[in-house]
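Participant: can't give you the sequence, but here's the structure:
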């Protein structure tokens, strides 16, 4: 049983989502503007947040940014806008996923299931510290440090680094990364991977424009250059 917070100002949509998700034994809480969403997040523990982009009081990007200051709880962003930039911007601010309205409830359920399954796997108490080149990766605490400094990664950035770093030299296509990290087919939006890779490089590379670790195999995909210790 998972506890989910829905933050959306469309009362009928919230009512429909609440009814449908409760059929899958989820516990649903709701907020109808951005400020209320932040307040509920701060007072409660949630396993996942469904967050609309366009909200009164505080928009979805501001809410996402506020949540990411203290938590890596999975966030699915909803947007009524069709512009690609808005979708990518949501991911830049730390959202794990997005759906454009109107969407199929079965698709939303599939994405929720995939995210919660990955979260459950991550939370298994099997501590392991992996050292790769300059990086120390703690898979239990989901922490990464390099050159005596902790690196603050989002959930997806951590997953990407862990996958690539533990398979040094192996080239993953963007399609493979979508399937492995996101857990389902992402309907061909390969830029999702590119956005996360770019953000990851900005955090772990000394010079992101001349990457030393997460490299591009042009026309194929991405790989990690280095060796585990």
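Facilitator: Right, received. Where do you want to start? Quick caveat, the model's predicted, so the values are computed rather than measured.
Participant: quick one: low-confidence ranges for the protein?
Facilitator: The chain contains residues with pLDDT under 70 at 81-91, 120-127, 183-189, 227-229.
Participant: where along it do the strands fall?
Facilitator: Assigned by DSSP state E, the chain shows strands spanning 3-7, 27-31, 48-52, 75-79, 97-100, 129-132, 135-138, 143-146, 149-151, 172-173, 214-217, 221-224.
Participant: Let me know the angle separating the third one from strand 3-7.
Facilitator: Strand 48-52 runs at 10 degrees relative to strand 3-7, counting by axes from the mean of the first three to the mean of the last three C-alpha atoms, to 10 degrees.
Participant: now strand 48-52: how far from the chain's centre is it?
Facilitator: 12 Å (C-alpha atoms, centre = their mean, to the nearest Å).
Participant: and the gap between the closest residue to residue 54 other than its chain neighbours and residue 165?
Facilitator: Closest residue to residue 54 apart from its sequence neighbours, by C-beta to C-beta, 6 or more residues apart in numbering: residue 80 at 6.3 Å. No exception for glycine: its C-beta is placed from N, CA and C like everyone else's. Noted for residue 80: a distance of 38 Å to residue 165, by C-beta to C-beta, to the nearest Å.
Participant: Could you check how many residues crowd around the residue nearest to residue 94 when sequence neighbours are not counted?
Facilitator: Nearest non-adjacent residue to residue 94, counting by C-beta to C-beta, 6+ apart: residue 68, 4.0 Å away. For residue 68, the count of nearby residues is 17 (other C-beta atoms under 10 Å).
Participant: which ones are touching residue 68?
Facilitator: 93, 94, 154 (C-beta atoms under 8 Å, 6 or more residues apart in numbering).
Participant: Could you dump these into CSV with neighbour count added?
Facilitator: Below are the contacts of residue 68 laid out as CSV (neighbours: other C-beta atoms under 10 Å):
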residue, neighbour count
93, 19
94, 21
154, 21
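Participant: can you put those in CSV and add distance to residue 175?
Facilitator: Listed next are these as CSV, based on distance: C-beta to C-beta, whole Å:
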residue, distance to residue 175
93, 25
94, 24
154, 21
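Participant: tell me which of the residues you listed is nearest to residue 21?
Facilitator: residue 94 (22.4 Å; C-beta to C-beta).
Participant: What about the spatially closest residue to residue 181 that is not a sequence neighbour, how many residues nearby?
Facilitator: Excluding its sequence neighbours, the residue lying closest to residue 181 (C-beta to C-beta, 6+ apart) is residue 159, at 5.0 Å. Residue 159 has 21 neighbours, counted by other C-beta under 10 Å.
Participant: what separates the most centrally placed residue in the chain from residue 8, distance-wise?
Facilitator: Nearest residue to the geometric centre of the chain (C-alpha atoms, centre = their mean): residue 96, 2.3 Å. Residue 96 is 17 Å from residue 8, where distance means C-beta to C-beta.
Participant: that older thread, any idea how far residue 178 is from the residue nearest to residue 181?
Facilitator: Residue 159 is 12 Å from residue 178, by C-beta to C-beta.
Participant: Next: residue 151.
Facilitator: Look at residue 151 and residue 178: by C-beta to C-beta, they are 23 Å apart.
Participant: before we move on, the earlier item: save the strands of the chain as JSON lines, and put in mean neighbour count and distance to residue 119 too.
Facilitator: What follows is the strands of the chain, written out as JSON lines (neighbours: other C-beta atoms under 10 Å; distance: least, C-beta to C-beta, whole Å):
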{"stretch": "strand 3-7", "mean neighbour count": "22", "distance to residue 119": "12"}
{"stretch": "strand 27-31", "mean neighbour count": "18", "distance to residue 119": "15"}
{"stretch": "strand 48-52", "mean neighbour count": "25", "distance to residue 119": "8"}
{"stretch": "strand 75-79", "mean neighbour count": "24", "distance to residue 119": "12"}
{"stretch": "strand 97-100", "mean neighbour count": "20", "distance to residue 119": "12"}
{"stretch": "strand 129-132", "mean neighbour count": "15", "distance to residue 119": "20"}
{"stretch": "strand 135-138", "mean neighbour count": "19", "distance to residue 119": "17"}
{"stretch": "strand 143-146", "mean neighbour count": "17", "distance to residue 119": "16"}
{"stretch": "strand 149-151", "mean neighbour count": "12", "distance to residue 119": "21"}
{"stretch": "strand 172-173", "mean neighbour count": "18", "distance to residue 119": "22"}
{"stretch": "strand 214-217", "mean neighbour count": "16", "distance to residue 119": "24"}
{"stretch": "strand 221-224", "mean neighbour count": "21", "distance to residue 119": "24"}
